[in-house]
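[1] Dropping the sequence and predicted coords here.
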Amino acid sequence: MPIDTYYTTKVSTERLEAVAGTNKETFQTKLEDLLCRIEKQFEEPEMLSDGAFYNQSKMWCGDVDIKEGDKVIDSDGTTYIVKGVSAFESVITTHHLEIILTQPR
């Protein structure tokens, strides 16, 4: 069964972009209505290398433009921060991305 069969969640993404004519940046919508799957990874928050505790989740989706630092917003308003992106390709399955998401505690 192809992996995209399990993409049942719609999310949008935002990326920090420069504001024209200023030295400021703000989050701007990058992708909308992206189908994916998000699963919680641990019951308890985990400490990452920055010393902060986060709830971690993993997201699977097609090959799209997403990178570390982007925000992923679930249809219910839950906001995650992208901490890692890995691309996978196989002769059996469709090319997809596996993304580590965090929520600060």
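    Nice, I can see it.
[2] what does the lowest-mean-pLDDT helix or strand in the chain contact?
    Scoring the helices and strands of the chain by mean pLDDT, DSSP states H and E places strand 46-47 at the bottom, with a mean of 82. The contact list for strand 46-47, computed with CB atoms under 8 Å, 6 or more residues apart in numbering, reads 53-54, 56. Where C-beta positions appear, they are placed from N, C-alpha and C, glycine not excepted.
[3] hey, what's residue 73 bridged with?
    Here residue 73 sits in beta bridges with residue 12, residue 79, going by DSSP bridges.
[4] packing partners for the longest strand seen in the chain?
    Using DSSP state E, we find that the single longest strand of the chain is strand 25-40. Using 3 or more CB pairs under 8 Å, 6 or more residues apart in numbering; DSSP states H and E, the elements in contact with strand 25-40 are strand 9-18, strand 53-61, strand 71-74.
[5] In the longest one, which residues are buried?
    Counting neighbours by 16 or more other CB atoms under 10 Å, one finds that the buried residues in strand 9-18 are 9, 11, 13-15.
[6] and the angle for it with strand 53-61?
    Here the directions of strand 9-18 and strand 53-61 differ by 110 degrees (axes from the mean of the first three to the mean of the last three CA atoms, to 10 degrees).
[7] what is the mean pLDDT for strand 9-18?
    Averaging pLDDT along strand 9-18 yields 96.
[8] Residues contacting it, please?
    24-38, 59, 66-67, 69-75.
[9] Now do it: distance to the chain's middle.
    Relative to its parent chain, strand 9-18 has a centroid offset of 9 Å by CA atoms, centre = their mean, to the nearest Å.
[10] Then the last one?
    For strand 71-74, the separation from the chain centroid amounts to 7 Å (computed by CA atoms, centre = their mean).
[11] again, but for stretch 50-61
    For stretch 50-61 - counting by CA atoms, centre = their mean - the centre lies 9 Å from the chain centre.
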